[in-house]
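Visitor: Task: produce atomic coordinates for the following.
(one chain, ligands or ions: 2)
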Amino acid sequence: MHEKCGVVGISLRDRNAARPLYYSLYALQHRGQESAGIVTHDGFQQHSHVEMGLVGDAFGPGDLESLNGSNGIGHVRYPTAGSVNACCAQPFSVSFKSGSLGLSHNGNLVNADEIGDELADLGHAFTSDGDTEVIAHDLARNLLEEDLVRAVKRTMERIHGSYSLTIMHDETVLGVRDPEGNRPLCIGELEDGYVLTSESAAIDTLDGELVRDVRPGELVVLHPDGTGYDTYQLIERENTAHCFFEHVYFARPDSTIDESLVYEVRRELGRKLWEESGVESDVVLPVPDSGRAFASGYAEAAQDDGSDIEFAEGLMKNRYVGRTFIMPTQDERERAVRLKLNPIKSTIEGKKVTIIDDSIVRGTTSTQLIGLLRDAGAEEVHVRIGAPPIVAPCYMGIDMASRDELIAGDQSVEEIRDEIESDSLSYLSIDAIAETLETSQTDLCLGCVTGEYPYDIEGEETDRDVVRPDIGGSAAPADD
Ligand SMILES: O=P(O)(O)OC[C@H]1O[C@H](OP(=O)(O)OP(=O)(O)O)[C@H](O)[C@@H]1O
Ligand SMILES: NC(=O)CC[C@H](N)C(=O)O
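Guide: Ligands and ions are numbered 1, 2, ... in the order given. Predicted coordinates for the structure are as follows:
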């Protein structure tokens, strides 16, 4: 399980925001499972409840009742910077001379230490070692001198890296997406208010309508009375750096991100996988859960081509096991795969099998799975992967292994095939990803599959000019 974080912000007309925030966090649970929290404002003061654990564990029966106010923000976290403890759990709350701030962050800053050191020299005291608190302090400082919109702009000019933020300044909820639009953020309309959230599936959960994605570099300020919102295009860049992996793996298939329904993208990637490297076999099996849409697209394209290949759910997933990824030892990770996935023998025995997954990271899942399938009587096992090989770490808010743990870090596809002991192995090309997302490669963050990043990261190569031209941006409300 590779995770990132999920953010949400809600402004309603006449009812408390706590319960819809809680439901939204449930919808975003797949994005982070370490901690969950909600901060609301009732017009006079902030109320906060932030705990370690899953959403269902973090909130007890009375907790939502104490979170008064029709405006609020929420967060589910998987840490990328800072400790795995309650100090780094979010939303962050900061009280300062001219008010209160709450802040939820999805992403990862690449210059947090530098800014943190500067702010510490100016007398700011930090309660955590993460990157998110740095944003909160920088913004609080700017708010002493500027109005809200200009203060946010100043902070955006200072922080580098990926960030989708929901912020609460006193009772005003706002959302910001970094100038490259690396992480998703969208606006939804509810019957009695508005919502800003990482994924549109959370808007569906609240019976709302997706209005649109927040644009890269855009600030959206919800009216605290739930009647509307203002938008400000604060920074504009020539290129975006959308994370393609959101579509491939992280996001829910029922979410629409940057105008594409994730499920349809995955099915199309599956179709392209067949076109690029289809292999004749008796049966196609998805590796659940994220391999499902890829496998259905792959099998459909194969059948369109006249193949007799059959699509079957031959691997059952134990839904109570997650987190293979953060098991402390490789031995435990391997055991967890066995606990998590179990083959249905009748769909496999005596057959040539192709398994379809979205990605191979360390190779734990595929290695274990191929052994299981052979034990279950598979005659041949072919592996097709709906993304290119992951050759380098992610610095943009995703928990992925370090370079030496990545199976493709220093091995060719043939060497990987040999290690996982499959009969054949193919990955999808980068071209197929860009084509399916109807964008150019320069508008995607492809750091984990090329080793070249759209940000200036110490010790790594950049795939574009470090200082990207700022071609505009204004602090006046943008036309919607
Ligand atoms: O090569 P590895 O290090 O084993 O990592 C890759 C596996 O991890 C992910 O699955 P996850 O466990 O998150 O399950 P999911 O597809 O149900 O989300 C992914 O879909 C692969 O199956
Ligand atoms: N996964 C994320 O988006 C994490 C947000 C933030 N960098 C943290 O570590 O808390």
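
Visitor: which other helices and strands contact the longest helix anywhere in the chain?
Guide: In the chain, assigned by DSSP state H, the helix with the most residues is helix 262-277. On a contact count with 3 or more Cβ pairs under 8 Å, 6 or more residues apart in numbering; DSSP states H and E, helix 262-277 meets helix 292-304, strand 380-385, strand 424-427, helix 430-436. Just so you know, the C-beta spots here come from the backbone N, C-alpha and C atoms, and that holds for glycine as well.

Visitor: The very next helix or strand once past that helix pairs with which strands?
Guide: Proceeding N to C from helix 262-277, the next assigned helix or strand is strand 283-286, under DSSP states H and E. The strands beside strand 283-286 in its sheet (DSSP bridges) come out as strand 310-311 (parallel), strand 352-357 (parallel).

Visitor: Go through strand 283-286 and flag the buried ones.
Guide: In terms of neighbour count (16 or more other Cβ atoms under 10 Å), strand 283-286 has its buried residues at 283-286.

Visitor: quick one on the thing from earlier: out of the strands paired with strand 283-286, which is closest to ligand 1?
Guide: strand 352-357 (4.7 Å; Cβ to the nearest ligand atom).

Visitor: is that closest one up against ligand 1 anywhere?
Guide: Yes - residues of strand 352-357 are located near ligand 1 by Cβ under 6 Å from any ligand atom, namely residue 357.

Visitor: Touching whichever helix or strand comes after that strand from outside, list them.
Guide: Counting by DSSP H and E, the next helix or strand C-terminal to strand 352-357 is helix 364-375. Under the contact criterion Cβ atoms under 8 Å, 6 or more residues apart in numbering, helix 364-375 has outside partners 287, 315, 324, 330, 333-334, 337-338, 341-343, 348, 353, 355, 357, 360, 381, 383, 419-422.

Visitor: and the residues you listed, which are buried?
Guide: For these, buried by 16+ other Cβ under 10 Å: 287, 315, 324, 333-334, 337, 341, 343, 348, 353, 355, 357, 360, 381, 383, 420, 422.

Visitor: hmm, back to that, with mean pLDDT and distance to residue 279 as new columns, can the strands paired with strand 283-286 be given to me in CSV?
Guide: Supplementary listing: the strands paired with strand 283-286 in CSV, determined by pLDDT from 0 to 100; distance: least, Cβ to Cβ, whole Å:
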stretch, mean pLDDT, distance to residue 279
strand 310-311, 96, 14
strand 352-357, 98, 6
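
Visitor: which stretch among those comes nearest residue 196?
Guide: strand 352-357 (32.2 Å; Cβ to Cβ).

Visitor: Put the alpha carbons of the closest one into PDB.
Guide: The C-alpha coordinates for strand 352-357 follow below in PDB (Å, rounded to 0.1, in the frame of the first residue of the first chain):
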ATOM      1  CA  LYS A 352      -1.700 -20.200 -19.000                       C
ATOM      2  CA  VAL A 353      -2.300 -17.200 -16.800                       C
ATOM      3  CA  THR A 354      -1.700 -13.500 -17.300                       C
ATOM      4  CA  ILE A 355      -1.800 -11.300 -14.200                       C
ATOM      5  CA  ILE A 356      -2.300  -7.600 -14.500                       C
ATOM      6  CA  ASP A 357      -1.200  -5.100 -11.900                       C
END
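
Visitor: Any idea how far that strand is from the middle of the chain?
Guide: 26 Å (Cα atoms, centre = their mean, to the nearest Å).

Visitor: hmm, who's touching it?
Guide: Surrounding strand 352-357, the residues in contact under the criterion Cβ under 8 Å, 6+ apart are 270, 273, 279-287, 290-291, 294-295, 298, 309, 314-315, 365-366, 369-370, 373, 378-386.

Visitor: Same check on stretch 128-138?
Guide: Contact with stretch 128-138 is made by 79-83, 87-88, 90, 92, 94, 101, 103-105, 108-109, 112, 115-116, 119, 124, 126-127, 155, 158-159, 161, 163, 165, as judged by Cβ under 8 Å, 6+ apart.

Visitor: quick one: contacts for residue 192?
Guide: 12-15, 226.

Visitor: Spatially nearest residue to it, not counting backbone neighbours?
Guide: residue 13 (4.4 Å; Cβ to Cβ, 6 or more residues apart in numbering).

Visitor: anything in stretch 148-168 near ligand 2?
Guide: No - Stretch 148-168 stays clear of ligand 2 (Cβ under 6 Å from any ligand atom), getting no nearer than 7.9 Å.
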